[in-house]
Each structure stands twice: as structure tokens, then as C-alpha cells.
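Undergrad: Here you go, sequence then predicted model.
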Amino acid sequence: QGNMAFAGKYEFECDENYDEFVKKIGLSSDKIELGRNCKVITEVVQNGNDFIWTQHFPGGRTMSNSFTIGKESDMETMGGKKFKATAKMEDGKIVADFPNYHHTAEICGDKLVEISTVCGIVYKRTSKRIA
């Protein structure tokens, strides 16, 4: 795995424990419905330790977080809350603590696997590389 392992475009393939997770973090029911089995395209631009992580939602909405590994950065949650977090690189995974959940992202073959954990609920989202 090179340093640029994350760069690329990924399309949502499947997830696990979505409903339990989004209810636990307090997403509104309309946002929960919008996000269910949503064919999100995740685009990652990586320049060394600098990342721009953008999610393109159907209907044209996008959400983007820019961050540098090891530096505190301004970010936004799934629910649109702004917060500060320091992303770290651990064993090839990007690790960050969001206000109410712990998030990791890693590349496994041609897939982007993201895991968010809150109160013992593990939400896993897998996306396949398309570019």
C-alpha cells in the first residue's frame, strides 16, 4: 500500500447496522430515509498527509471535509454539525473521533471500508473503487 492508497472515487456498495447507528447519533428520520441505501460516491483527493474527502449524494448534494493527518481540522458530521478533530494514520487506516462516534477508513483491495462506532453499535459501509 503506497501513501496514495486512498486517492480515487468509490461508489456505495453495501452497509451494515445503518438504522441502529443513525438513530443512536440522532439523525432526523428524513435524513435517515435519504441516506438509506444511498448510492453515495466518495471521492478522495490525497496529497501526502493532506486529504479532501468529498461525498456526492444523489440529487446533487455534496459534503466535503479537508484535513491533514496529525493536525486539528474543521470537519462536518453526517448530520451537518461542525466540529474539530485530529485525524491519525494507524496501521494504514485513517482514524478520527467525531463528536459522538469513532470513525475509521481503510482500503481493502479495491474497496473503501469505513467503520463508525457508537455505544457498541458498529456501522460498516463498503464502497467499490470506480476510478
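TA: Perfect, I can see it now. Numbering: from 1, shown residues only.
Undergrad: buried ones in the helix or strand of the chain with the lowest mean pLDDT?
TA: Across the helices and strands of the chain, mean pLDDT, DSSP states H and E gives its lowest value to helix 29-35, namely a mean of 83. Of the residues in helix 29-35, those buried by neighbour count under the rule 16 or more other CB atoms under 10 Å are G35. Just so you know, the C-beta spots here come from the backbone N, C-alpha and C atoms, and that holds for glycine as well.
Undergrad: Count residues in the vicinity of M89, would you?
TA: Neighbour count of M89, defined by other CB atoms under 10 Å: 12.
Undergrad: Give the next helix or strand downstream of the helix or strand where S66 lies.
TA: According to DSSP states H and E, S66 maps onto strand 62-68. From strand 62-68 onward toward the C-terminus, using DSSP H and E, the following helix or strand is strand 72-76.
Undergrad: List the buried residues of stretch 6-19.
TA: So, applying 16+ other CB under 10 Å, buried residues of stretch 6-19: F6, G8, K9, Y10, F12, D15, N17, Y18.
Undergrad: List the residues that contact the residue nearest the centre of the chain.
TA: In the chain, the centroid-proximal residue (CA atoms, centre = their mean) is E114; its distance is 5.9 Å. Residues counted as contacts of E114 (CB atoms under 8 Å, 6 or more residues apart in numbering) are H103, T104, A105, K124, R125, T126, S127.
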